[in-house]
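Engineer: Only the shape, not the letters, is given here:
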């Protein structure tokens, strides 16, 4: 049973909102509430295909909250992995500190030019937040040079859907979406890769 005096930390509930101009999504701050925040010593598998991270447990009074949301605590972004009810008056969240980065994807469509040939044109550019985690880095020996394949897993809010083959820009680097994992009810995960000459 959690005592009221244990709820000493201020956490802010974040919700994903679409930008007013329809060019993507971002996390928006909402209600701030009291909570108990502690590191569990365990690692959370917040990604089904990425590397696990240290787990933090957040306990607060019962209130409307779902795994579609996130928390901000002492300037840190807390990704929500699991929600339980330890007693009638409280909710307990398994979270991971994973600061989201702003990513962009350029959506294209096929149109016909004056000669009736198909051409790709930019339909729109969307921005979205994603939490990134590492995945195994492969190494392949080439004929004339070596290539390092850098693979990340982008964990995105469920609203964000990417397609295999699309190019995602992360901090100035361009990654290609290789594999989509959309089975989770609350998030989508994408394996994104880029090749770096060594």
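Structural biologist: Perfect, I can see it now. Bear in mind the structure is a predicted one, so any value in this text is a computation, not a measurement.

Engineer: Need the nearest residue in space to residue 35, chain neighbours excluded.
Structural biologist: residue 60 (4.1 Å; C-beta to C-beta, 6 or more residues apart in numbering). Yep, even glycine has a C-beta here, placed from its N, CA and C like the rest.

Engineer: secondary structure element for that neighbour?
Structural biologist: strand 53-61 (DSSP states H and E).

Engineer: can you give me phi and psi for residue 184?
Structural biologist: As for residue 184, its main-chain torsions (degrees, to the nearest 10) stand at phi -70, psi 150.

Engineer: OK, contacts around it?
Structural biologist: The contact partners of residue 184, taken as C-beta atoms under 8 Å, 6 or more residues apart in numbering, are 48, 158.

Engineer: contacts for stretch 15-25?
Structural biologist: 26-28, 30, 68-69, 104, 124-129, 157, 159-160.

Engineer: can you do 10 Å?
Structural biologist: Stretch 15-25 has contacts (C-beta atoms under 10 Å, 6 or more residues apart in numbering) with 26-31, 65-66, 68-70, 102-105, 124-129, 156-160.

Engineer: List only those of those residues flagged as buried.
Structural biologist: Buried by 16 or more other C-beta atoms under 10 Å: 27, 65, 69-70, 103, 105, 126, 128-129, 156-157, 160, out of these.

Engineer: Quick check: of those, which lies closest to residue 175?
Structural biologist: Residue 175 has its nearest neighbour among these in residue 103, at 8.7 Å by C-beta to C-beta.

Engineer: What's the separation between the closest one and residue 177?
Structural biologist: Remark: distance between residue 103 and residue 177 (C-beta to C-beta, to the nearest Å) = 11 Å.

Engineer: which residues do those two both contact?
Structural biologist: When C-beta under 10 Å, 6+ apart defines a contact, the residues bordering residue 103 and residue 177 alike are 154, 162, 168, 190, 192.

Engineer: where are the low-confidence patches of the protein?
Structural biologist: Within the chain, the stretches with pLDDT under 70 are 109-110, 120-124, 136-147, 197-198.

Engineer: Show me where it has its helices.
Structural biologist: Assigned helices in the chain: none (criterion: DSSP state H).

Engineer: pull the longest strand from it.
Structural biologist: If you go by DSSP state E, the chain has its longest strand at strand 25-44.

Engineer: Next up, the contacts around residue 132.
Structural biologist: Applying C-beta under 10 Å, 6+ apart, the residues near residue 132 are 47, 50, 98-101, 103, 152-155, 170-171, 175, 192.

Engineer: partner residues bridging it?
Structural biologist: Note on residue 132: beta-bridge partners by DSSP bridges are residue 154.

Engineer: contacting residues around residue 115?
Structural biologist: Applying C-beta under 10 Å, 6+ apart, no residues contact residue 115.
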